[in-house]
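>>> Sequence and predicted structure are below.
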Amino acid sequence: MSCVFVARATPVEPRARLASSRRGTRSLSRPSAAPKVRASYAMAPTVLATAPPVPIMVNDLTGKMGRAVAETVVGRDKSQCFLVPVAFSGSAKPAVDVGGVVVEIKSIREDAGAALEDLKKRYPGMIVVDYTLPAAVNHNAELYVKHNTPFVMGTTGGDRTKLLTDVTAAKLAAVIAPQMGKQVVAFQAAMKLMAENFPGAFKGYTLEVTESHQTSKVDTSGTAKAIVQSFNDLGCGFDIKDVTLVRDVPTQLEKMNVPEEFLLGHAYHTYKLKSPDNTVFFEFQHNVCGRSIYAEGTVDAALFLSAKVTGGGETVYDMIDVLKEGGMVTN
Ligand code: NAD
């Protein structure tokens, strides 16, 4: 028997589609052990019928992810959100045009607090999106906390414990998630759910894991680590050190079939399971090209957060929270 579950983002045609449903994600437990401050108020609806468009500030939209998010904001229906024409970067830069919106790029090191206060007055209900550098995570979060500005933190790394502690202590609304790709988050959560419900179901099976990313990525994919944890809970006994990391271009092109235009931005993962007697095979894949999956998830997270703030929310959320409230539907 051979069983293949494949999920790919554009431009490769999927061989099979992973089934997902809102009902299926409702009872999922969280993939991360991030400390949570639970909401003590009734959940606000994610989309408020009469809500004005949400102003979204993207820091830093001269970076790759920031740019992708800014383009997604501009591409959304004008009734949903709009791009704030000011952004912070590590240093002041010439203004950039994003789909006709000219954005002034200010240095986050020079009077950023005063600039944030001014923007909050000019754009009531503003949500900040942060895609900067791991080294900037805590400093930037401190700025948003100090100026009581709800934010979506897509940037990975930094001191995550301090980040969560700072935000929860301030009772500020924020979505913090190292993986904003909603469908990937749903797959991760489904694997975790399977492991919790059927521990040991794949006992004795051998697992092979291969992941491919742009050559500049040195560490093993965090998503691969989370999925391997679920396979181990299912009984595989796989050492994360045995993941095959593909970082060389010839292998990516010839063996992994990564399209050439996505060599600098892709996240391919394959998990192969084999029964002890070599008669049963399973294969799971999730292959992402480009950044649109993360950018769409980030804008959905910003809209979700805006509704929470409007509803009086004061807590830290992750992408599972966004998915549970209907965020699987990409607008
Ligand atoms: P990038 O290097 O292209 O962009 C980073 C930008 O941040 C640069 O323009 C830099 O000038 C700017 N910057 C540096 N310090 C700053 C500061 N203190 N304040 C404001 N801007 C500052 O990087 P990228 O590919 O856009 O990735 C950014 C981050 O997003 C990384 O941590 C990456 O791992 C993460 N990421 C997360 C997801 C997700 O789903 N959550 C997806 C993709 C990437």
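Thanks, I have the structure now. This one's a predicted model, so the numbers in the text were calculated from it and none came from an experiment.
>>> how deep is the residue of the stretch 51-200 of the chain found nearest the ligand tucked in, by neighbour count?
Residue of the stretch 51-200 of the chain nearest the ligand, by CB to the nearest ligand atom: Gly63 (2.2 Å). Every residue, glycine included, has its C-beta placed from N, CA and C. Neighbour count of Gly63, defined by other CB atoms under 10 Å: 19.
>>> and it, what does it touch?
By CB atoms under 8 Å, 6 or more residues apart in numbering, Gly63 lies in contact with Ser89, Tyr131, Thr132.
>>> quick one: contacts for the first one?
Think Ser89. By CB under 8 Å, 6+ apart, the contact list for Ser89 reads Asn59, Asp60, Thr62, Gly63, Ile105, Lys106, Ser107, Ile108.
>>> Tell me the secondary structure of the residue nearest the centre of the chain, please.
Centroid-nearest residue in the chain: Met180, 1.3 Å away (criterion: CA atoms, centre = their mean). With DSSP: H, G, I helix; E, B strand; the rest coil as the basis, Met180 sits in coil.
>>> of all of the stretch 201-331 of the chain, which residue lies closest to the ligand?
Tyr294 (4.0 Å).
>>> Look up how far Val84 lies from the residue lying closest to that residue once chain neighbours are set aside.
Excluding the flanking residues, the one nearest Tyr294 by CB to CB, 6 or more residues apart in numbering is Met180, at 4.5 Å. As for Met180, its distance to Val84 is 19 Å (criterion: CB to CB, to the nearest Å).
>>> Burial check on Ser292, number of neighbours?
17.
>>> And for Asp277?
When counting by other CB under 10 Å, one arrives at 7 neighbours for Asp277.
>>> Excluding residues flanking it in the chain, which one is nearest Thr72?
Thr72 sits nearest to Ala295 (CB to CB, 6+ apart), 4.2 Å away.
>>> Wait, Asn140 touches Leu116, no?
No: in this structure, Asn140 is not within contact of Leu116 by CB atoms under 8 Å, at 10.9 Å.
>>> Give me every residue in the protein lying close to the ligand.
Counting by CB under 6 Å from any ligand atom, the chain comes close to the ligand at 59-60, 62-66, 88-90, 108, 131-134, 136, 140, 154-157, 177-181, 294.
>>> Got a quick PyMOL command for the buried subset of these?
Restricted to buried positions by 16 or more other CB atoms under 10 Å, the PyMOL selection for these reads:
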select buried, resi 59+60+62+63+65+66+88+89+90+108+131+132+136+140+154+155+177+178+179+180+181+294
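>>> quick one: low-confidence ranges for the stretch 51-200 of the chain?
The stretch 51-200 of the chain contains no residues with pLDDT under 70.
>>> Please apply the same query to the stretch 201-331 of the chain.
For the stretch 201-331 of the chain, applying pLDDT under 70 flags the ranges 312-314, 327-331.
>>> all helices for it, in order.
Here the stretch 201-331 of the chain has its helices, by DSSP state H, counting those that start in this stretch, at 222-233, 249-254, 292-310, 319-322.
>>> so which of these comes closest to Tyr271?
Shortest distance between Tyr271 and the helices of the stretch 201-331 of the chain, using CB to CB, is found for helix 222-233: 6.4 Å.
>>> ok, back up a step: my guess is the residue of the stretch 201-331 of the chain closest to the ligand meets Ala68, correct?
Yes: assessed by CB under 8 Å, Tyr294 is found in contact with Ala68 at 7.1 Å.
>>> In the protein, what residue spans correspond to strands?
Listed in chain order, the strands of the chain (DSSP state E) span 2-8, 54-59, 81-83, 86-89, 93-98, 101-107, 127-130, 151-153, 174-176, 206-213, 244-246, 266-274, 281-289, 316-317.
>>> I'd like the distance from the fourth one to the chain centre, please.
A distance of 21 Å separates the C-alpha centroid of strand 86-89 from that of its chain, computed with CA atoms, centre = their mean, to the nearest Å.
>>> What of stretch 138-155?
17 Å.
>>> which parts of that stretch are buried?
For stretch 138-155, by 16+ other CB under 10 Å, it's 138, 140-141, 143-145, 147, 149-155.
>>> Quick check: the two most widely separated of those?
Maximum pairwise distance among the buried residues of stretch 138-155 (CB to CB): 19.2 Å, between His147 and Gly154.
>>> quick one: stretch 232-245 to chain centroid distance?
23 Å.
>>> so what's the residue nearest to Tyr294 up against?
Taking CB under 8 Å, 6+ apart, we find Met180 in contact with Gly154, Ile293, Tyr294, Ala295, Gly297, Thr298, Ala301, Met319.
>>> most surrounded residue in those?
Thr298 (32 neighbours).
>>> pretty sure that residue is touching Phe151, no?
No: with contacts counted by CB under 8 Å, Thr298 stays clear of Phe151, the gap being 11.1 Å.
>>> hey, what's in contact with both of the two?
The contact sets of Thr298 and Phe151 overlap at Val129 (CB under 8 Å, 6+ apart).
>>> What number of residues are in the vicinity of Glu110?
11.
>>> Over to the one 10 residues further on?
By the criterion of other CB under 10 Å, Lys120 has 17 neighbours.
>>> residue contacts, it?
Going by CB under 8 Å, 6+ apart, Lys120 touches Met126, His147, Thr149.
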